[in-house]
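> Got a sequence here, can you build the structure:
(2 chains)
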Number of protein chains: 2
Amino acid sequence: MRELTGKPIADRITAELMPKIAALTERGNTPCLGILRVGENEDDLAYERAVLSRFHAAGATVRVTALPDDVTQDELEESLQNMNGDKTVHGILILRPLPPSIDEARVCVLLAPEKDVDGMTDASLARVFRGDRDAFPPCTAAAVMELAHGYGIDFAGKRVTLVGRSLVVGRPLLLLLLAEHATVTVCHTKTADLAAACRGAEIVISCAGKAGLIGENALSDGQTVLDVGMNAAPDGTLCGDVDRTAAERHAAALTPVPRGIGSVTASVLLRHTVEAAEKKE
Amino acid sequence: MRELTGKPIADRITAELMPKIAALTERGNTPCLGILRVGENEDDLAYERAVLSRFHAAGATVRVTALPDDVTQDELEESLQNMNGDKTVHGILILRPLPPSIDEARVCVLLAPEKDVDGMTDASLARVFRGDRDAFPPCTAAAVMELAHGYGIDFAGKRVTLVGRSLVVGRPLLLLLLAEHATVTVCHTKTADLAAACRGAEIVISCAGKAGLIGENALSDGQTVLDVGMNAAPDGTLCGDVDRTAAERHAAALTPVPRGIGSVTASVLLRHTVEAAEKKE
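This next block holds a predicted model:
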């Protein structure tokens, strides 16, 4: 079974972007991402570190606005408005979920659409829906497509079973797959026979967030399996949605978790930020 | 085979809306749809007549702004802005496609989102994408769901094959089906084995716009078949995407064309217009 690791793809994306970043910098327009973080959630911090490292290695900048857990709606909105108005910030990433005391939908509405590099706003969702090639889809969904392209996986005419229909991953991914001419079957918690729907596919993509969901009876020989799940196993280690042992018996190719799709996300964010900087010129 | 005709469903929707329309009228707020039409395309005129008849029968009003074929972009946009600003107009329907000389996307952007009763704007598409129950999806996609509900068809957990992925019907319908927990397979011109994908479904919905596309080998016994196609047969009569003779041999239920889903669309438009009027109060 071929291991489809994320790092070579992430590195290739970065290498491709570096001359563009250098050219933008020469014109006094270094691509800059503003991160808006509330509190110190460990998942947020881990992603922030990955983003900082990826951006800095490529010559792009990141400015983090870290707000306390008990920030008010008004204070948070003011910080966002400052980033919206700052001409040196090209993209904005709001780390979510925000605390329950914050009205997340109201915050998302305020985000300047041209800086929405993680596909949160209505304008971005509508563009993804339309199949607009200029859209910034949510980075995890886009990372699945980038990884697949990097390994030469062609979706056109293929039977793809997609497990999961979340707003942030499943649904945008569904539209990206349709735009690349896949024949997509979307499964979820209400699907009567998930295993059969997966077995019949040439490519299985799981973004359900449930360890072990895609097991022996859901896999068939020669499949390509893209695992977008990111779950904590009982022993505290990270794992995906796919039973790795079963996949090793059947699949032709599998993205590992960790070191798979998750490793590509920060590079996609970099790509979107560079494109936002280029559009601004 | 059961015939799922549209008229009883359309009549039921109208009957349900009439007391609401009467109550709004009593408060001086009669639901009013503004139609913006360019030229005198026969398809547009036919739909306009169906809408006028449905609205008038229910006590709602329609105001048609008919512009000449050679209208300029500026003139068209001015007419739309007038409708946007007119407080007595609750919903706006722009008959499309507009002539090639007009930038349709620029027109759509101007439409006031709260009057967008046919799901054309970014805001409407994003709401459909989010699964927001307050959304106004494009009327034909919504009509499929209304007809199905009217005949007690439950999508939850069902294998549904959807043929067609257009922006106006296929994609919004896909999201509406997902929101009702169907396991949806989306097929299109690039699908390798369309017949097999249809045969394996419990419910087949075709909105491809190709006469005879769903034939004998795409159908299996006991299926429910919803035909959203609207095609001119060689002899000039209207027909759907489904081979009616084959469907009669296999399907448990079929929507006819004409007199099927197309008959429900104007009632959905009425429902959206009444809801827009209620929201404005």
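> End to end on stretch A:179-194, go ahead and measure it.
Terminal residues of stretch A:179-194 lie 24 Å apart, using Cα to Cα, to the nearest Å.
> near chain B, anything from that stretch?
Yes - applying Cβ under 8 Å from any Cβ of the partner chain, one finds stretch A:179-194 touching chain B at A:181, A:183-188, A:190-192. The way it works is simple: take the backbone N, C-alpha and C, and place the C-beta from them, glycine included.
> Show me what from the stretch 151-281 of chain A comes close to chain B.
So the stretch 151-281 of chain A meets chain B at A:156-159, A:165, A:167, A:171, A:174-175, A:178, A:181, A:183-188, A:190-192, A:197 (Cβ under 8 Å from any Cβ).
> Go through these and flag which are in strands.
A:159, A:183-187 (DSSP state E).
> Neighbour-wise, which one of those leads?
A:V184 (30 neighbours; other Cβ atoms under 10 Å in any protein chain shown).
> you'd agree that residue is up against B:C187?
No - in this structure, A:V184 is not within contact of B:C187 by Cβ atoms under 8 Å, at 9.0 Å.
> Just the C-alpha atoms of stretch A:247-266, please, in CSV.
C-alpha atoms of stretch A:247-266 as CSV (Å, rounded to 0.1, in the frame of the first residue of the first chain):
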residue,chain,number,x,y,z
ALA,A,247,-6.7,-0.4,4.8
GLU,A,248,-3.3,-2.1,4.6
ARG,A,249,-5.0,-5.3,3.5
HIS,A,250,-7.1,-3.7,0.8
ALA,A,251,-6.2,-0.2,-0.3
ALA,A,252,-3.8,0.7,-3.1
ALA,A,253,-3.1,4.0,-1.3
LEU,A,254,-3.9,5.7,2.0
THR,A,255,-3.2,9.1,3.6
PRO,A,256,-1.8,8.5,7.1
VAL,A,257,-3.1,10.3,10.2
PRO,A,258,-1.2,12.2,11.4
ARG,A,259,1.3,13.3,8.6
GLY,A,260,-1.4,13.2,5.9
ILE,A,261,-3.9,15.8,4.8
GLY,A,262,-3.4,17.8,8.0
SER,A,263,0.1,18.5,6.9
VAL,A,264,-1.0,20.2,3.8
THR,A,265,-3.5,22.7,5.3
ALA,A,266,-1.0,25.3,6.3
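> so how far is A:S124 from A:V38?
As judged by Cβ to Cβ, to the nearest Å, A:V38 and A:S124 stand 21 Å apart.
> Find the residue closest to A:D221 in space, skipping its chain neighbours.
A:H250 (5.2 Å; Cβ to Cβ, 6 or more residues apart in numbering or on different chains).
> Check whether that neighbour really touches A:Q223, as I assumed.
Yes - applying Cβ under 8 Å, one finds A:H250 in contact with A:Q223, separated by 6.4 Å.
> who has more neighbours, these two?
The neighbour comparison of A:H250 against A:Q223 (other Cβ under 10 Å) goes to A:Q223, with 21 against 17.
> which ones are touching the more buried one?
Neighbouring residues of A:Q223 by Cβ atoms under 8 Å, 6 or more residues apart in numbering or on different chains: A:201-204, A:250-252.
> and A:E146, what helix or strand is that in?
helix A:139-150 (DSSP states H and E).
> ok, that helix near chain B or not?
No - for helix A:139-150, no contact with chain B is found by Cβ under 8 Å from any Cβ; the gap never falls below 12.3 Å.
> packing partners for that helix?
Helices and strands touching helix A:139-150, by 3 or more Cβ pairs under 8 Å, 6 or more residues apart in numbering or on different chains; DSSP states H and E, are helix A:7-26, helix A:170-179, strand A:224-227, helix A:265-280.
> Okay, now the unreliable bits of the stretch 1-150 of chain A?
Nowhere does the stretch 1-150 of chain A drop to pLDDT under 70.
> Nice, that's everything, thank you.
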